[in-house]
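Student: Can you look at this prediction? I've put the sequence above it.
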Number of protein chains: 4
Amino acid sequence: MGITLEQAEAAVKAAKAKAVEINTLMNIAVVDAGANLVAFARMDGAWLGSVDIAQKKARTARYFDMPTGEVGKLSQPGGSLYNIEHSNGGLITFPGGIPIKNGEGVIIGAIGVSGSTVENDNTVAQAGVDALSQ
Amino acid sequence: MGITLEQAEAAVKAAKAKAVEINTLMNIAVVDAGANLVAFARMDGAWLGSVDIAQKKARTARYFDMPTGEVGKLSQPGGSLYNIEHSNGGLITFPGGIPIKNGEGVIIGAIGVSGSTVENDNTVAQAGVDALSQ
Amino acid sequence: MGITLEQAEAAVKAAKAKAVEINTLMNIAVVDAGANLVAFARMDGAWLGSVDIAQKKARTARYFDMPTGEVGKLSQPGGSLYNIEHSNGGLITFPGGIPIKNGEGVIIGAIGVSGSTVENDNTVAQAGVDALSQ
Amino acid sequence: MGITLEQAEAAVKAAKAKAVEINTLMNIAVVDAGANLVAFARMDGAWLGSVDIAQKKARTARYFDMPTGEVGKLSQPGGSLYNIEHSNGGLITFPGGIPIKNGEGVIIGAIGVSGSTVENDNTVAQAGVDALSQ
């Protein structure tokens, strides 16, 4: 199903390092190509409500193979995917979830981060993605 | 796990007194630092639908360590946390949920109140918080 | 809907006193005639998993107007109500839930207690019931 | 809230090492004193259905402050806690979940392991616990 635990833990480690660097406390989740959880970490003192949100962001990013914020642009009132958040046991469609690709551009999983502003969440998620593309 | 039952019951008692003072009928819930229920009271004749809302407000306030209304400002259409309510088995993001801190400023739980206007709900919740800060 | 908050809190208080007397830590829930929560208390250090069980016991006792243990006798494999626990979002059918009646024998609510052996749970629940029949 | 992420990751690491030693593929979850997820890892090729089971085992162990298998002894047909699994959104009551204590014997969280026989699950969970007691 794509991403290995070793890769997922490397993504979590890089995300944690970025979270520390920008002085935030994050929940970080990585799912595989089947949208099933592979690795998770909650930094000490990070929001409890973000345990679920980080996982939902990771799943949402893999469910639709795009960053969660892209889905959110379409799920607004009047949008083409209005209230898509009601599906799949609950989606999160604001930024912080990003697909993870292998060297050939094939999606092998996704990362979801929650605990701060959506800009910070996305920055930390991207750090996780970048750790695997180098 | 932070708040004790004695403290939680003192918060509920103060909230009930404030509800009587402003002539409202409230549901009042207190959760601990782990977002687990500690104490609850529904005043005679208060809305049945608020049994769940009061508890969700208390959990939401602890999940994100801020008053529920603050989350709601960000979860509107077009907002950065649009539809966050779909997470955690359902959040309530309008006013009426407030974190409870100890003397050192550490969050030890939260209170959620529901049964009237959100302004009244918040006033009653604040009375519960104030009872523990004196 | 029957039981008042004042009565429910009296039942919780009596149950707590009995719990202390027999050296246990309990979660105590009281529902009204509509099976909706009226009062709840978790003693410091009581099992977190009993938050839900105490409430389910109270609801189960009111749903079927009998002590939860009576339902459990019928829900065993081969029994006439086998696996009734799957209904109503989850029932708890072992002892610790008891209907509460008014002076005329009309059921006005129920109490559910969880946190120790089912014998202790039932003893504490009965203390709550007895407080209202005197 | 008890256990730190550093401690939780040390428990996961020790559990993984034991899983490799006994030639199994495991899902490993650690929750804090509030029964909220702190760390998770699924070994490559481990059962997908165990993602949820490992987390439910960890929560169940903390919910009742005992190894999950102890709950399961009482939840059998005819047992005093028959069908307790219907509470708390689903419990897992066979072995593989164990509370984690600090040096003073206070429970600071729990570990849940799933992916093999319950004997192996429990062995791997115990390795996680032991890593923190040394």
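Tutor: Okay, I see it.

Student: Residue ranges in chain A under the pLDDT threshold?
Tutor: For chain A, the stretches flagged by pLDDT under 70 are A:1, A:134.

Student: got the contact list for the residue nearest in space to the middle of chain A?
Tutor: Centroid-nearest residue in chain A, with C-alpha atoms, centre = their mean: residue A:112, separated by 1.6 Å. With contact set as C-beta atoms under 8 Å, 6 or more residues apart in numbering or on different chains, residue A:112 has these partners: A:28-31, A:53-61, A:68, A:92, A:96-97, A:125. The way it works is simple: take the backbone N, C-alpha and C, and place the C-beta from them, glycine included.

Student: can you do 6 Å?
Tutor: Residue A:112 sits next to A:29, A:54, A:57, A:58, A:97 when contact means C-beta atoms under 6 Å, 6 or more residues apart in numbering or on different chains.

Student: So which of the residues you listed sit within strands?
Tutor: A:29, A:97 (DSSP state E).

Student: Just the buried ones from the contacts of residue A:112?
Tutor: Among the contacts of residue A:112, those that count as buried by neighbour count (16 or more other C-beta atoms under 10 Å in any protein chain shown) are A:29, A:54, A:57, A:58, A:97.

Student: Let me know the distance separating the closest residue to residue A:56 other than its chain neighbours from chain C.
Tutor: Nearest in space to residue A:56, with sequence neighbours left out and distances taken as C-beta to C-beta, 6 or more residues apart in numbering or on different chains, is residue A:92 at 4.2 Å. From residue A:92 across to chain C, the span is 25 Å (C-beta to the nearest C-beta, to the nearest Å).

Student: who are the neighbours in contact with whichever residue of chain A sits closest to chain C?
Tutor: Going by C-beta to the nearest C-beta, chain C is nearest to residue A:48 of chain A, at 13.7 Å. With contact set as C-beta under 6 Å, 6+ apart, residue A:48 has these partners: B:35, B:63, D:36.

Student: Try it again at 7 Å.
Tutor: B:35, B:62, B:63, D:36 (C-beta atoms under 7 Å, 6 or more residues apart in numbering or on different chains).

Student: go on, residue A:57?
Tutor: Here residue A:57 is in contact with A:68, A:92, A:96, A:97, A:112, A:113, A:114 (C-beta under 7 Å, 6+ apart).

Student: Check the gap between it and residue B:44 for me.
Tutor: 43 Å (C-beta to C-beta, to the nearest Å).

Student: what's the answer for residue A:84, then?
Tutor: Remark: distance between residue A:84 and residue B:44 (C-beta to C-beta) = 41 Å.

Student: Pick out whichever of those two has more residues nearby.
Tutor: residue A:84 (20 against 14; other C-beta atoms under 10 Å in any protein chain shown).

Student: what about residue A:102, how many neighbours?
Tutor: 15.

Student: How about the one 3 residues further on?
Tutor: Neighbouring residues of residue A:105 were enumerated by other C-beta under 10 Å; the total is 6.

Student: To which secondary structure element type does it belong?
Tutor: Classification of residue A:105 by DSSP: H, G, I helix; E, B strand; the rest coil places it in coil.

Student: OK, contacts around the residue in chain A positioned nearest to chain B?
Tutor: Among the residues of chain A, residue A:49 lies closest to chain B, at 2.7 Å counting by C-beta to the nearest C-beta. Residue A:49 is in contact with B:63, B:64, B:87, B:88, counting by C-beta under 7 Å, 6+ apart.

Student: Check the burial of the third one by counting its neighbours.
Tutor: Counted by other C-beta under 10 Å, the residues lying close to residue B:87 total 25.

Student: So it sits against residue A:93, correct?
Tutor: No - Residue B:87 sits out of contact with residue A:93 when judged by C-beta atoms under 7 Å, with a separation of 10.9 Å.

Student: re the thing from before, any idea whether the residue of chain A closest to chain C is helix, strand or coil?
Tutor: coil.

Student: quick one: it and residue B:31, what's the gap?
Tutor: Residue A:48 is 10 Å from residue B:31, by C-beta to C-beta.

Student: Assign the nearest residue to residue A:71 once chain neighbours are set aside to helix, strand or coil.
Tutor: Leaving aside its sequence neighbours, residue A:71 sits nearest to residue A:93 (C-beta to C-beta, 6+ apart; 4.3 Å). At residue A:93, secondary structure determined by three-state DSSP is coil.

Student: residues in contact with residue A:93?
Tutor: A:60, A:68, A:71, A:72, A:75, A:84, A:85, B:83.

Student: Residue numbers of chain A in contact with chain C?
Tutor: Residues of chain A lying close to chain C (C-beta under 7 Å from any C-beta of the partner chain): none.

Student: In chain A, what residue spans correspond to strands?
Tutor: Using DSSP E, strands in chain A cover A:27-32, A:37-42, A:97-101, A:107-114.

Student: the helices in chain A, which residues?
Tutor: A:5-21, A:50-64, A:68-74, A:118-133 (DSSP state H).

Student: now the longest one and helix A:50-64, what's the angle there?
Tutor: When axes from the mean of the first three to the mean of the last three C-alpha atoms, to 10 degrees is applied, the directions of helix A:5-21 and helix A:50-64 differ by 120 degrees.

Student: counting contacts, what elements does helix A:5-21 pack onto?
Tutor: For helix A:5-21, the contact count by 3 or more C-beta pairs under 7 Å, 6 or more residues apart in numbering or on different chains; DSSP states H and E identifies strand A:27-32, strand A:37-42, strand A:107-114, helix A:118-133 as packing neighbours.

Student: Same list, the ones you listed, but as JSON lines with distance to residue C:129 please.
Tutor: What follows is these, written out as JSON lines (distance: least, C-beta to C-beta, whole Å):
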{"stretch": "strand A:27-32", "distance to residue C:129": "44"}
{"stretch": "strand A:37-42", "distance to residue C:129": "42"}
{"stretch": "strand A:107-114", "distance to residue C:129": "45"}
{"stretch": "helix A:118-133", "distance to residue C:129": "50"}
